[in-house]
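# The following block contains a protein sequence and its predicted model.
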Amino acid sequence: MSHELDIIPGTEWGFFTLPRPMCIAGPCSAESEEQVMETAAGLNAFGIHVYRAGIWKPRTHPGSFEGVGTPGLKWLKKVKEVYGMKVCTEVASEKHVLECIKYGVDIIWIGARTSANPFLMQEVANALEGTDIPVLVKNPVNPDIDLWIGALERLNKAGLKKLGVIHRGFSTSAPILYRNDPGWRMAIEMRTRYPQLTFFADPSHMAGDRRYLLELSQRAMDLGLDGLMVESHCRPDQALSDAKQQLTPAALQDLLESLVIRENTSENQAYKEGIDALRAQIDVIDDNLLKSLADRMEISRKIGLYKKEHNVAILQAGRWDNVLEGVKERARSLGLSEEFAEAVFNAIHDESVRRQNEVLEGRR
Ligand code: PEP
Ligand code: MN
């Protein structure tokens with residue numbers, strides 16, 4: 001079933017100026033009037049026009065800093081008045097929405113824990129009905145594209161057309177470099193299905209550490225996404241939430257200046273941009289292939305252990321012949337040549353046998 005969305009593109013909201021990236025920046029949380037104003041001054045000074053700050057914070061543990069609540073909205077109002085910036089914050093309930101409307105918040109975003117919850121999404125959508133506030137929906141914490149689309153549909157059915165998305169990666173129990181698994185495949189899928197949706201990446205929550213912000217931001221640009229939402233704090237190390245991943249405004253300026261952005265100003269440039277986006281997709285797939293191979297080899301090691309415990313020989317020719325037949329048939333149905341599939345899988349099998357031998361000989 002196709003789920004149509006009736007969308008007004010971000011370039012028509014009157015907030016964002018091209019060229020890419022459209023940028024939203026500001027602290028994870030509003031903490032005090034001084035911190036909000038000082039950070040806004042730093043960002044405004046180099047042309048950031050859309051300011052973010054969390055007012056109500058969804059924290060894992062109770063007792064962590066859960067945001068300053070409504071008083072923070074007065075500080076955001078002051079940011080608008082003093083710097084002429086647009087302001088945005090996260091909402092997760094009817095009460096949040098009503099407070100935002102009251103204080104003139106320009107854009108709202110839905111957090112990853114909320115977009116995963118249809119009850120809350122419906123509550124927020126109902127509360128927004130009759131307004132035309134732009135809403136940016138973060139991907140749900142779990143990699144479920146339908147849940148993400150469903151959240152957008154609920155808003156769209158409530159009459160909201162200024163909709164965009166923010167890709168912030170997914171929770172994972174796997175040991176990875178980043179706080180969240182970037183899972184770019186889903187961003188590509190979403191982009192392909194809904195090219196009209198304004199598409200941000202949030203490298204801050206993906207990375208969890210400011211060291212990885214540049215590489216993730218560059219990847220987002222290479223995939224052709226429209227914008228970045230980045231956490232920036234005047235004194236990152238003293239931040240009350242997400243201290244490790246925040247950047248000073250000056251460091252954010254450096255980051256933005258180091259990004260290589262390819263715009264399609266000529267035929268040739270368009271080609272280059274297209275090929276870069278495709279190559280970035282290939283990089284993501286290769287990365288996934290390597291991860292799958294590593295997972296497979298880990299299972300080979302376990303099989304080796306298991307065979308050793310039960311005193312069974314490693315090579316069981318009949319089994320591999322069966323596997324290979326199945327692989328070739330599946331390859332054919334996917335439009336791949338049998339010879340290619342056979343070569344790849346024989347190489348995988350050889351390595352797997354080598355791993356199992358290492359286990360048998362006590363080397364692993
Ligand atoms: C945030 O943007 O501060 C936030 C809580 O993000 P997420 O919902 O992506 O975890
Ligand atoms: Mn944060």
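Good, I have the coordinates. Ligands and ions are numbered 1, 2, ... in the order given.
# ok now the helix or strand where residue 251 lies, how far from the chain's centre?
Assigned by DSSP states H and E, residue 251 belongs to helix 249-258. With CA atoms, centre = their mean, to the nearest Å as the basis, helix 249-258 stands 20 Å off its chain's centre.
# pretty sure residue 114 is touching residue 125, no?
No: using CB atoms under 8 Å, residue 114 is not in contact with residue 125; the gap is 11.2 Å. Heads up, the C-betas are built off the backbone N, CA and C, glycines and all.
# how about the strands in the protein?
Using DSSP state E, the strands found in the chain span residues 22-26, 50-52, 86-91, 107-110, 135-138, 163-167, 198-201, 227-231.
# Compare the ones you listed and give me the one nearest residue 328.
strand 163-167 (36.6 Å; CB to CB).
# what is the rounded mean pLDDT of that closest one?
Averaging pLDDT along strand 163-167 yields 98.
# Mind telling me which residue of the chain is nearest ligand 1?
Of all residues in the chain, residue 111 sits closest to ligand 1, at 3.1 Å by CB to the nearest ligand atom.
# elements contacting the lowest-mean-pLDDT helix or strand in the chain?
None of the helices or strands of the chain scores lower by mean pLDDT, DSSP states H and E than helix 267-309, at a mean of 87. Packed against helix 267-309 by the contact rule (3 or more CB pairs under 8 Å, 6 or more residues apart in numbering; DSSP states H and E) you find helix 184-193, helix 213-222, helix 338-360.
# one step back: using JSON lines, please lay out the strands of the chain together with distance to residue 99 and mean neighbour count.
Listed next are those as JSON lines, based on distance: least, CB to CB, whole Å; neighbours: other CB atoms under 10 Å:
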{"stretch": "strand 22-26", "distance to residue 99": "18", "mean neighbour count": "26"}
{"stretch": "strand 50-52", "distance to residue 99": "16", "mean neighbour count": "25"}
{"stretch": "strand 86-91", "distance to residue 99": "8", "mean neighbour count": "25"}
{"stretch": "strand 107-110", "distance to residue 99": "11", "mean neighbour count": "24"}
{"stretch": "strand 135-138", "distance to residue 99": "15", "mean neighbour count": "26"}
{"stretch": "strand 163-167", "distance to residue 99": "21", "mean neighbour count": "26"}
{"stretch": "strand 198-201", "distance to residue 99": "23", "mean neighbour count": "26"}
{"stretch": "strand 227-231", "distance to residue 99": "21", "mean neighbour count": "27"}
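# want to throw those into TSV with distance to residue 268?
Formatted as TSV, those follow (distance: least, CB to CB, whole Å):
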stretch	distance to residue 268
strand 22-26	25
strand 50-52	32
strand 86-91	35
strand 107-110	36
strand 135-138	33
strand 163-167	29
strand 198-201	25
strand 227-231	25
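# these two touch, right, residue 99 and residue 74?
No: in this structure, residue 99 is not within contact of residue 74 by CB under 8 Å, at 10.8 Å.
# Within range of ligand 1, give me the residues from the stretch 151-300 of the chain.
Within the stretch 151-300 of the chain, the residues that sit near ligand 1 (CB under 6 Å from any ligand atom) are 168, 202, 205.
# one more time with 5 Å, if that's ok
168, 205 (CB under 5 Å from any ligand atom).
# what residues does the stretch 151-300 of the chain put near ligand 2?
When proximity is defined by CB under 5 Å from the ion, the stretch 151-300 of the chain lies next to ligand 2 at residue 242.
# again, only this time at 6 Å
Contact residues, the stretch 151-300 of the chain versus ligand 2 (CB under 6 Å from the ion): 205, 231, 241, 242.
# mind listing what the closest residue to residue 330 other than its chain neighbours touches?
Leaving aside its sequence neighbours, residue 330 sits nearest to residue 341 (CB to CB, 6 or more residues apart in numbering; 7.8 Å). Neighbouring residues of residue 341 by CB atoms under 8 Å, 6 or more residues apart in numbering: 327, 328, 330, 331.
# All set now, cheers.
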